[in-house]
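*Asks:* just to be clear, the model below is a prediction. Sequence and coordinates:
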Amino acid sequence: MRVRTLIAGAAAGVLALTLTACGSSSSTSTTSTPSASASTAAVLTLQDGWAKSTDSMSADKKTMTGVFGMLKNTGSTPLTITGGSSAAGKMVQMHETVMNSSGTMQMQEAKAGFTIPAGGTFELKPGANHIMVMDLVKDLKVGDTVSIDLKTSAGVITVTAAVRAFPGGSESYNPSPSMSH
Ligand SMILES: [Cu+2]
């Protein structure tokens, strides 16, 4: 009994020494910046963010536009975007594009939002997943910048998109007059 206790004590002592050695060596080789920078930098970015310019305000009071680019999650956990808001329009939705029953591509709200894997990307592009800004306050002209506050599982994260003309995209992007918006 006494011997076992001594051995256990000795083993614990070795373990403590090992941990101390590991801790001191790792603290010199890798700095303590990761946790500090994670709290200040957004874990979600929109790379090459752009939005389709609009020129339909006079004809259609329900003008909307799509926002595209590459969403990047630099965090260590999956991140879900569930909604958003923008000064550019009254409503922001996550949209997916699906084949409807009559065989045409149609966009609709992605009810579950968009989930970007840890350390991964999620592409937003015409004819596929995109962020929709609806009921625009005014037409978006080339050169404008759209700012969107995304509601995410990591809090509200603001992304920006440069307004671009998108010629030739209407056949794949605007699916049909029966769009469900
Ligand atoms: Cu849409």
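*Replies:* That came through fine.

*Asks:* report the contact partners of A154.
*Replies:* Contacts for A154 (Cβ atoms under 8 Å, 6 or more residues apart in numbering) come out as V43, L44, G75, L79. Placement of C-beta: from N, CA and C, glycine included.

*Asks:* who's the residue nearest to V159 when sequence neighbours are not counted bridged to?
*Replies:* For V159, ignoring the flanking residues on the chain, the nearest one in space by Cβ to Cβ, 6 or more residues apart in numbering is L46 at 3.8 Å. Beta bridges link L46 to L71 when assigned by DSSP bridges.

*Asks:* quick one: neighbours of L46, just the number.
*Replies:* 23 (other Cβ atoms under 10 Å).

*Asks:* quick one: it and I157 touch, right?
*Replies:* No. Between L46 and I157 there is no contact under Cβ atoms under 8 Å: 9.0 Å.

*Asks:* coming back round to it: contacting residues for the residue nearest to V159?
*Replies:* Here L46 is in contact with V67, G69, M70, L71, K72, L124, V159, T160, A161 (Cβ under 8 Å, 6+ apart).

*Asks:* over to T80?
*Replies:* A112, G113, F114, T115, I116, T152, S153.
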